[in-house]
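Asks: pasting the structure only:
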């Protein structure tokens, strides 16, 4: 299972490196018109990007590059994914178009806004 996650991660990174990302930061961008985010990276005390834009029904990859455990939590939407240090996961975004606040339940200073289009 861990090998499969690394393969998925490698494919995502390769696609981004080959121009598949579309954003200036190389992981799909933030709030630019027409760009969507496919990966959110959790680092110590921050989400990168903190303002991801996704299509309704898409899958958002989560990668914890921090030294601590973190969560990706949309409390009002029943999305609460916990990632240990170095872990990867993904969440299905089955939300209606709009904006949704998210945070790390372990580190309240980590927060952002998810835009679903």
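Replies: Yep, it's here. Nothing here was measured: the structure is a model prediction, and the numbers come from that model.

Asks: Run through this structure and note the low-pLDDT ranges.
Replies: Residues of the chain meeting the criterion pLDDT under 70: 1-34.

Asks: Strands of that one, residue ranges please.
Replies: Along the chain, counting by DSSP state E, strands occupy 39-43, 46-48, 53-54, 59-64, 70-74, 79-83, 88-92, 98-103, 111-116.

Asks: and the angle for the fourth one with strand 111-116?
Replies: The one in question is strand 59-64. Angle, strand 59-64 to strand 111-116, by axes from the mean of the first three to the mean of the last three Cα atoms, to 10 degrees: 160 degrees.

Asks: hmm, who's touching strand 59-64?
Replies: For strand 59-64, contacts defined as Cβ atoms under 8 Å, 6 or more residues apart in numbering pick out 8-9, 12, 37-42, 52, 54, 70, 72, 81, 83-93. Placement of C-beta: from N, CA and C, glycine included.

Asks: Given that strand, what are its sheet partners and their directions?
Replies: Sheet pairing of strand 59-64 (DSSP bridges) gives strand 39-43 (parallel), strand 88-92 (antiparallel).

Asks: returning to what we had before: ok, of the contacts of strand 59-64, which come out buried?
Replies: 12, 37-42, 52, 54, 70, 72, 81, 83, 87-91, 93 (16 or more other Cβ atoms under 10 Å).

Asks: Thank you, goodbye.
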